[in-house]
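Student: Have a look; sequence and predicted model below, questions after that.
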Amino acid sequence: MRGLELARAYFEACGAPMLHAQFPEWEDRLAVGLVGSGSECLGYDDEVSQDHDFEPGFCIFLPEEDVLDRRTAFQLERAYAKLPAEFEGFTRSKLSPVGGNRRGVIRLGDFLEARTGTRDGVLTTDQWLRIPEHYLAGVTNGALFREGDGEFVRIRAALAVQPEDVRKKKLAGRLLLAAQAGQYNYPRCLRHGETGAAQLAMNEFVRHAIAVIFLLNRRYLPFYKWQFRALRDLPLLGDEAETLELLLTTDNGATMARAKYDMTENLSSRIITVLQDQDLTEAVCGDLEKHAYSVNDGIADPALRNAHVLTAVS
């Protein structure tokens with residue numbers, strides 16, 4: 001059983017009856033689901049994932065204290081803690097008394113603040129640029145089993161898509177770094193006889209190329225260990241996952257190095273085609289760096305357009 005399936009089944013069998021019996025005035029007003037960190041929230045969990053942090057459980061997202069007071073929140077926490085410890089052959093872990101739990105009763109504001117720095121999910125341009133994308137994925141992934149008053153649904157929808165200017169700024173920076181690493185530094189390091197440095201350059205090309213592909217798909221880049229898994233599912237350039245893995249895992253001898261450079265050029269060409277299809281670039285060449293600056297020129301906000309091209313890249 002997958003994690004989301006287990007969480008939903010546990011809620012329907014145990015959580016929903018508890019809310020109905022003990023908190024009838026709140027059962028239709030609280031958002032309930034499984035959202036946040038963990039492979040199960042991305043739908044990527046498997047048997048290996050069950051070696052830790054895999055358990056029956058769900059999240060009850062509470063409004064701020066001026067809507068739902070501390071006493072009721074405490075009663076909900078106690079009621080959740082008393083739910084069956086075992087379900088479908090899996091055992092719940094004990095809730096931490098010092099917080100940091102991925103399941104249980106959580107103030108929505110606390111959940112959002114930990115991932116976005118805001119309690120309402122409303123972001124400034126600078127926050128959009130700085131917040132790691134896997135944090136934003138941790139707000140918009142998973143599933144809500146009950147929408148409650150709809151507030152979390154609204155916030156998730158608002159955070160699901162980056163502003164277009166932000167996407168362009170990130171694309172410009174990633175394209176520039178991919179160009180420098182793969183199209184320029186990789187062959188240059190090889191000419192110096194520095195095969196280790198060449199591989200570091202290739203690693204950087206792959207890292208930034210993956211980020212570019214996610215941006216072109218308008219999807220958030222997940223935590224690094226799930227990037228290839230998520231990449232394979234993307235409709236645009238997801239079929240390049242095997243090539244990108246090969247660039248990371250093969251040697252840099254003369255024959256392989258030539259092949260790898262040709263692969264970077266072929267992938268760069270395909271990226272440029274998508275940039276053109278999305279009307280993101282006016283450059284006409286195979287140099288990703290020139291396309292990076294063209295993408296940046298298309299940013300509508302003058303302040304963001306004139307900021308350093310690498311402003312949005314870490």
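Tutor: Nice, thanks for sending it over. Because the structure is a prediction, the values reported are computed rather than measured. Numbering: from 1, shown residues only.
Student: Parallel or antiparallel, which strands does the least confident helix or strand in the chain by mean pLDDT pair with?
Tutor: Lowest on mean pLDDT, DSSP states H and E among the helices and strands of the chain sits strand 90-91, with a mean of 84. For strand 90-91, the pairing partners within the sheet under DSSP bridges are strand 86-87 (antiparallel).
Student: what's the least confident helix or strand of the chain in contact with?
Tutor: 6, 54-56, 85 (C-beta atoms under 8 Å, 6 or more residues apart in numbering). Glycine gets a C-beta too; all of them are placed from N, C-alpha and C.
Student: same thing but 6 Å
Tutor: 55-56 (C-beta atoms under 6 Å, 6 or more residues apart in numbering).
Student: Can you name the element that comes right after that strand?
Tutor: Using DSSP states H and E, the helix or strand that directly follows strand 90-91 along the chain is strand 104-107.
Student: What is the helix or strand harbouring Phe61 packed up against?
Tutor: Secondary structure from DSSP H and E places Phe61 in strand 59-62. Counting contacts by 3 or more C-beta pairs under 6 Å, 6 or more residues apart in numbering; DSSP states H and E, strand 59-62 is packed against strand 104-107.
Student: buried set for the strand it packs on?
Tutor: By neighbour count on 16 or more other C-beta atoms under 10 Å, the buried set for strand 104-107 is 104-107.
Student: For the strand holding Phe61, the averaged confidence score.
Tutor: Taken as a whole, strand 59-62 has an average pLDDT of 97.
Student: Got phi/psi on Phe58?
Tutor: phi -150, psi 170 (degrees, to the nearest 10).
Student: Oh, that last question was meant for Gly57, not what I typed.
Tutor: phi 160, psi 160.
Student: From Gly33, how far off is it?
Tutor: Distance, Gly57 to Gly33, using C-beta to C-beta, to the nearest Å: 11 Å.
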